[in-house]
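# Just need the structure, nothing else, for what follows:
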Amino acid sequence: MVIHRHTPFSPCLKGRPARTGPMSGHSRATPCSRAFLASLLLCLLLPLTLAGCGSRNTASTHHDSGPPPTRHEAAIVQSAKAAIGTSYHFGGCNPAEGFDCSGLVWWAYNENGYAVPRTTDAQRKAGRATDCAAPRQGDVIVFRISEKGLHSGIYSGNGYFVHSPKSGHVVREESLRKNYWQSRLLTCRRYLP
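As a prediction, this is how the structure comes out:
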């Protein structure tokens, strides 16, 4: 959910009542000054109460259960996230030329000393099958995007994965909770011990 700063109703955007109090020459509180103070207090507290609404780690978002990621899992995710913004390139498997989906997976693992297959079809068959309802950071997520087409990415935690989507796009982190991905989820594979 995205929360925009400017909403149709915001007491912060309304006109302020005339100033009262010690700085304005008035020493006694009036209903107008109380209203101003109440609006000011609301303006100060509202951002604090909504601060977490736009973040991906809210109560309505999946939180990983189980132990924290190992250093190997974290390193795989860190490598994948370092590629965010890199262009998609069919057959690409490094930041200089760009990545296709399986090339990103292959590169992130290879950067950390692990051998995984280079193609998505081979990635879906190798490693160990794991429960997609409780993936670990660094697990390879494989989707069936068409009758013969497969797509892969790396689970990055809290219901998100990093992938290189398609031509004209860049490597990005995206929610697994999107209906598009949920309906196409094929398998989750673990390559790390």
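
# mind showing which ranges of the protein have poor pLDDT?
Scanning the chain for pLDDT under 70 picks out the ranges 1-63, 65.

# quick one, what contacts the nearest residue in space to Tyr109 that is not next to it in sequence?
Excluding its sequence neighbours, the residue lying closest to Tyr109 (CB to CB, 6 or more residues apart in numbering) is Val116, at 4.5 Å. For every residue, glycine as well, the C-beta is placed using N, CA and C. For Val116, the contacting residues are Val105, Trp106, Tyr109, Asn110, Gln123, Ala126, Gly127, Val140, Tyr191, by CB atoms under 8 Å, 6 or more residues apart in numbering.

# Go through these and name the one nearest Gly85.
Using CB to CB, the shortest approach to Gly85 within those belongs to Val105, at 17.1 Å.

# in terms of contact, does that closest one touch Leu150 like I think?
No. Counting by CB atoms under 8 Å, Val105 stays clear of Leu150, with 11.5 Å between them.

# circling back: are any of the contacts of Val116 buried, and which?
Neighbour counting by 16 or more other CB atoms under 10 Å classes Val105, Trp106, Tyr109, Asn110, Gln123, Gly127, Val140, Tyr191 among these as buried.

# What strands flank the longest strand anywhere in the chain, and is each parallel or antiparallel?
In the chain, taking DSSP state E as the definition, the longest strand is strand 150-157. Strand 150-157 sits in its sheet next to strand 140-144 (antiparallel), strand 160-163 (antiparallel), going by DSSP bridges.
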